[in-house]
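**Student:** Here's a sequence, model it:
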Amino acid sequence: MGNLKNIIGASGEYLCGIELMRPVIASACLPRGFLPGEGGCLFEALHFGGKEPTYDYVVYLLDATARRLGPFFFLQVKTTLKPPDITGAYAMRFSAAAVARAHAMKTPFFVGLVDRSSARREKIYVKGIAARQSKGIASLAPLHDLAEDAVKIAIYNEVCRVWALRNNPSLTQLI
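**Tutor:** I've put the predicted structure just below:
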């Protein structure tokens, strides 16, 4: 079962990356710089591969010409073959130690859950790791479906907001 679990996990990671890079359709809610009537790609997702314990992707925000803006976030992807429980939530494991590692990154961090319980009808849900989050995450309610353009735009806007608050001085010395 060990290798099958790895393959299922990797397939969910790739599905999530593909969905992140899917263009959004034109709407009035697109971020600044995107022309009215034109959609576009909001993200470039770079997959790390391997068994990185904290994140699977670094995801860059793109401008209307698909160039990296600078702001980015990290994403950890979990994949399940099990349907949601009777409350509608998915069981998942993102430990308190993983939350602490996410906070240590000092960068916006999201967890994605890929539901592969129905063949060829995968769903991907995301949740941001809030600054006040200290406990692990044992379940994820299917509130933010990554296939929805509004969810992608909300992630984009939130990451922009967080990066705008940062005060990262430029390096003044090489050493």
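**Student:** which parts of the top helix by length along the chain are buried?
**Tutor:** If you go by DSSP state H, the chain has its longest helix at helix 2-21. Across helix 2-21, burial judged by 16 or more other CB atoms under 10 Å covers 8-10, 12-17, 19-20. Any C-beta I mention is one placed from the backbone N, CA and C, and that applies to glycine too.
**Student:** Give me the residues contacting it.
**Tutor:** Identification of contacts with helix 2-21 by CB atoms under 8 Å, 6 or more residues apart in numbering yields 41, 43-45, 47, 56-57, 59, 75, 77-81, 112, 114, 116, 122, 124, 146-147, 152.
**Student:** now the residues you listed: which count as buried?
**Tutor:** 43-45, 47, 56-57, 59, 75, 77-80, 112, 114, 116, 122, 124, 146, 152.
**Student:** Among these, which lie within strands?
**Tutor:** If you go by DSSP state E, these have 43-45, 47, 57, 59, 75, 77-80, 112, 114, 124 in strands.
**Student:** Please identify which pair of those residues lies farthest apart.
**Tutor:** Glu44 and Thr80 (26.0 Å; CB to CB).
**Student:** Give me the residues contacting stretch 48-63.
**Tutor:** The contact list for stretch 48-63, computed with CB under 8 Å, 6+ apart, reads 13, 16-17, 20, 33, 40-47, 68-77, 98, 101-102, 105, 109, 156, 159-160.
**Student:** one step back: which of the ones in strands among the buried ones among the contacts of helix 2-21 lies closest to Leu140?
**Tutor:** Distances from Leu140 to those, taken as CB to CB, are shortest for Lys78 (8.1 Å).
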